[in-house]
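Colleague: build me a model from this:
(one chain, ligands or ions: 1)
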Amino acid sequence: MLTVLAREELTAHPVVTDRLFLVPIDVNDGQDLWFAVNGSRDTLRRFLPWVSYHNDITASVRFAEACALDWDQGRAFRFVIRDREKKKLLGVVGLESLVHMHRSCELGYWLTDEASGKGFMTEAASAALDYAFGRIGAHRVRIAAATDNHPSLGVIGRLGFRFEGIAREAEWCDGRWLDHAVFALLIKDPRPGLRKP
Ligand SMILES: CC(C)(COP(=O)(O)OP(=O)(O)OC[C@H]1O[C@@H](n2cnc3c(N)ncnc32)[C@H](O)[C@@H]1OP(=O)(O)O)[C@@H](O)C(=O)NCCC(=O)NCCS
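Modeller: Numbers count the residues shown, from 1 in each chain. Sure thing, here's the model as predicted:
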């Protein structure tokens, strides 16, 4: 079984990296999430199907509420990513689709346009992997990215994921079918060191 750490504990003691901290998404994050998604929707909607349906602040509030419930019920652990200095919300990284029996989950993430291109996601996702393997007992983490999502494929490569295959026309997104490149990382796989900020 995977370990479900209490949200309150993680909120009091966030996952900290060189430049960022990661806290479980809370119902109070609805407004920040809305501004982040809405301000970067042209980029995000190309690869995240839900963005086209995320059209007002109530959608963000509902999402934040669902995240809290999913966490408490051990279905998904999603974190807001904030910068340590200004505490600004930069994006989200999450461990999705937890399968307790097989100790597996899927990694998902996005960043605002403003936060992109600085290595923040590599840093945040690496911390999420540390959390998955080191604190909740994951054995395998899977990730899928569209075959033309080059920024995401870059993150996946820097994190040391291994390619497993192509899932053809796996997702309908922004008016087209996305072919998914599927990757996974096992607890025993080597992980490359991170480039220093
Ligand atoms: C996928 C996504 C999170 C990647 O963001 P990103 O900013 O490219 O990724 P990182 O934060 O790791 O930054 C990497 C970039 O910063 C640069 N960088 C600067 N300092 C760095 C550092 N210390 N470490 C690593 N990269 C660094 C890298 O060179 C790279 O830039 P390049 O692509 O021009 O070479 C972002 O494009 C996004 O949100 N896309 C839309 C949603 C999405 O596709 N989600 C994933 C679905 S699978």
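Colleague: how close does Glu169 sit to Arg176?
Modeller: In this structure, Glu169 and Arg176 are 9 Å apart, going by CB to CB, to the nearest Å. C-beta here means a position set from N, CA and C on the backbone, and glycine is covered the same way.
Colleague: and what of Asn55?
Modeller: Distance from Asn55 to Arg176, by CB to CB: 20 Å.
Colleague: Arg103 now?
Modeller: Arg103 is 34 Å from Arg176, by CB to CB.
Colleague: do Glu9 as well
Modeller: 42 Å.
Colleague: now do the helices in this protein.
Modeller: 7-12, 30-39, 41-44, 57-72, 120-130, 150-159 (DSSP state H).
Colleague: would you list these in JSON lines and tack on mean neighbour count?
Modeller: Below are the helices of the chain laid out as JSON lines (neighbours: other CB atoms under 10 Å):
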{"stretch": "helix 7-12", "mean neighbour count": "12"}
{"stretch": "helix 30-39", "mean neighbour count": "18"}
{"stretch": "helix 41-44", "mean neighbour count": "16"}
{"stretch": "helix 57-72", "mean neighbour count": "17"}
{"stretch": "helix 120-130", "mean neighbour count": "22"}
{"stretch": "helix 150-159", "mean neighbour count": "17"}
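Colleague: same list (these) but as CSV, adding mean pLDDT.
Modeller: Output for the helices of the chain, formatted as CSV (pLDDT from 0 to 100):
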stretch, mean pLDDT
helix 7-12, 96
helix 30-39, 98
helix 41-44, 98
helix 57-72, 97
helix 120-130, 98
helix 150-159, 98
